[in-house]
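Enquirer: Everything below, folded, please.
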Amino acid sequence: MNTTPALYVQPSGHTEPFYLHGEPKRQQCDIADELEGPVTAWRLGRHMTVHTATPAYERTRNEIVRAAWRDLAGGSAPDLRGPAIITGPKRRDGLLQPLPHHSFERVQYWARLRHSAAVRRRPQVSAAQHIGTRDLQCDAHAAHRFPDSGRWAFVVLDGIGDEVEVQDHVRTWAPALARRAACLGDPAEAIRQVRAKILAGLRGRRWFYLDPGAVAVVAVYDPADPLLRLAWSGDARAYRLSHIGTIEPLTKDHNWAQELLDAGREPKAWDHNSVTANLEDGVIGSAEVDIDVVAQLVLCSDGVYHPLETHEPGLLEEAALLALDAKDSAASLVAEALAQGRMREATCDNATALVVKFPR
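Expert: Numbers count the residues shown, from 1 in each chain. Below you'll find the predicted structure:
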């Protein structure tokens, strides 16, 4: 029977009650399972014990528990990272006692301060676009902040085709997708809900390849969440620029070229143009990354990354990292992609880059 009340604390400021079984070994198992142990227990004065997973520097520092430690015990706190479970002290028989009410209130106080401060942290957002040699700009981008939570969502759509209907389609659904993702906090679910609305507009029939369509990539940034969350369908991409000057893809293309590579075969020059999923139909990919390791996030269409990666390996990284802020990064990526495309090809695709620089 669950009898011992404790408190579960995330670095983001989210807290919730946590109940332990009334048997010492079962209590330790419950804590290890929740924190993905092994677990270290830190005794805090006479009234509290902080349980954390073995410290790992890739985890976010839990400043809430550290602040509570300094408040209640004084002096410096250990380098506590990741989620923590706070209980009362251990009895002689090994049973963990309930967390005292006063201690519970102090931890909640620091959690509320942390959440309030996080909501005020705003990212720097910028986007750049160029029509290339196409007749119409059929890429679209959007950013939206949900005021109640301070949560942000960022979207890039790359329309399939070069028609007015496609242009209208991406301009309608990019902001709608950003609003839904910011509200939900779940980019994959936002894609599913927007997809359902698009299909409802088709009067119940399935999406067909002759209907307007687009590939999509979505990112959700919540200042109170240690994770940056992403979802995509198609071959629009997300990249992470690190604090040490490297760039890493966060998405995996849904196109024929990637399927051939996964099968150990060499794709031909234009196989990347055949997408196997899009906003309207097909698989939805998802990923998460610790926000602490992301200096800048780049969302872009294939009009940006394809000429840079195809013609000169490393140029994508160089173009992004030479810039000092989000505005410079976005403009640099698009300009360099168009320059490379014009040097080597008769036509250039629409190019769109949306860059987000996160506060530290």
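
Enquirer: just for the protein, where's the confidence low?
Expert: Along the chain, segments meeting pLDDT under 70 span 1-4, 55-58, 115-121, 148, 311-327, 360.

Enquirer: Now do the helices in it.
Expert: Counting by DSSP state H, the chain has these helices, from start to end: 24-35, 63-73, 101-119, 164-184, 187-201, 256-262, 302-311, 315-321, 326-344.

Enquirer: Please verify my assumption that Ile191 contacts Ala216.
Expert: Yes. Taking contacts as CB atoms under 8 Å, Ile191 lies within contact range of Ala216: 6.3 Å. From N, CA and C alone the C-beta is placed, and that goes for glycine too.

Enquirer: any residues in contact with both of those two?
Expert: Residues touching both Ile191 and Ala216 (CB atoms under 8 Å, 6 or more residues apart in numbering) are Leu177, Ser233, Leu279.

Enquirer: separation between the second one and Leu210?
Expert: Taking CB to CB, to the nearest Å as the measure, Ser233 and Leu210 are separated by 19 Å.

Enquirer: quick one on the thing from earlier: with neighbour numbers in mind, choose between Ile191 and Ala216.
Expert: Remark: of Ile191 and Ala216, Ala216 carries more neighbours, 30 against 25, as counted by other CB atoms under 10 Å.

Enquirer: Can you tell me who that one pairs with across the strands?
Expert: Ala216 has the following beta-bridge partners by DSSP bridges: Leu157, Ser233.

Enquirer: Next, the contact list for it, please.
Expert: Applying CB under 8 Å, 6+ apart, the residues near Ala216 are Val155, Val156, Leu157, Asp158, Leu177, Ile191, Trp232, Ser233, Gly234, Ala236, Asn278, Leu279.

Enquirer: Specify which member of the residues you listed is nearest to Ala335.
Expert: Taking CB to CB as the measure, Ala335 lies nearest Val156 of these, at 17.2 Å.

Enquirer: So what's the residue count around the closest one?
Expert: 32.

Enquirer: if we can go back for a sec, more neighbours: Ser233 and Leu210, which one.
Expert: Between Ser233 and Leu210, counted using other CB under 10 Å, Ser233 has the larger neighbour count: 27 against 7.

Enquirer: what's the closest residue to Val107 other than its chain neighbours in contact with, if anything?
Expert: Excluding the flanking residues, the one nearest Val107 by CB to CB, 6 or more residues apart in numbering is Ala68, at 4.7 Å. Contact partners of Ala68, counting by CB under 8 Å, 6+ apart, are Leu44, Ile86, Ser103, Arg106, Val107, Trp110.

Enquirer: Reformat those residues as JSON lines; add distance to Leu338 and neighbour count.
Expert: Converted to JSON lines, the contacts of Ala68 look like this (distance: CB to CB, whole Å; neighbours: other CB atoms under 10 Å):
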{"residue": "Leu44", "distance to Leu338": "58", "neighbour count": "19"}
{"residue": "Ile86", "distance to Leu338": "55", "neighbour count": "24"}
{"residue": "Ser103", "distance to Leu338": "59", "neighbour count": "21"}
{"residue": "Arg106", "distance to Leu338": "56", "neighbour count": "16"}
{"residue": "Val107", "distance to Leu338": "53", "neighbour count": "24"}
{"residue": "Trp110", "distance to Leu338": "50", "neighbour count": "21"}
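
Enquirer: Rebuild those as a markdown table, extending it with distance to Tyr8.
Expert: Below are those laid out as a markdown table (distance: CB to CB, whole Å):
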| residue | distance to Tyr8 |
| --- | --- |
| Leu44 | 16 |
| Ile86 | 8 |
| Ser103 | 14 |
| Arg106 | 16 |
| Val107 | 10 |
| Trp110 | 14 |
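
Enquirer: With respect to Pro78, which of those residues is nearest?
Expert: So of those, ranked by how close each gets to Pro78 (CB to CB), first place is Leu44, at 9.9 Å.

Enquirer: sorry, back to before: closest one to Gly74 out of the contacts of Ala68, please.
Expert: Nearest to Gly74 among the contacts of Ala68, counting by CB to CB, is Leu44 at 10.7 Å.

Enquirer: what bridges to that closest one?
Expert: As for beta bridges, Leu44 partners with Met48 under DSSP bridges.

Enquirer: pretty sure it contacts Leu72?
Expert: Yes. Leu44 is within contact range of Leu72, at 6.3 Å (criterion: CB under 8 Å).

Enquirer: distance of Thr310 from Ala53?
Expert: 42 Å.

Enquirer: can you check Cys138 too?
Expert: Cys138 is 47 Å from Ala53, by CB to CB.

Enquirer: What of Ile198?
Expert: From Ile198 to Ala53 the distance is 42 Å (CB to CB).

Enquirer: for Gly132, same thing?
Expert: Gly132 is 49 Å from Ala53, by CB to CB.

Enquirer: Start and end of stretch 264-276, how far apart?
Expert: This stretch, stretch 264-276, spans 18 Å end to end (CA to CA, to the nearest Å).

Enquirer: how far does that stretch sit from the chain's center?
Expert: Offset of stretch 264-276 from its chain centre (CA atoms, centre = their mean, to the nearest Å): 27 Å.

Enquirer: What lies in contact with it?
Expert: Counting by CB under 8 Å, 6+ apart, residues outside stretch 264-276 touching it are 160, 215, 234-235, 253-261, 282-283, 302, 306.

Enquirer: Only the buried subset of the residues you listed, as a ChimeraX command please.
Expert: With 16 or more other CB atoms under 10 Å as the criterion, this ChimeraX line picks the buried residues out of those:
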select :160,215,234,235,253,254,255,256,257,258,282,302,306
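
Enquirer: Next up, the contacts around Trp69.
Expert: Trp69 touches Leu44, Val50, Ala77, Pro78, Leu80, counting by CB under 8 Å, 6+ apart.
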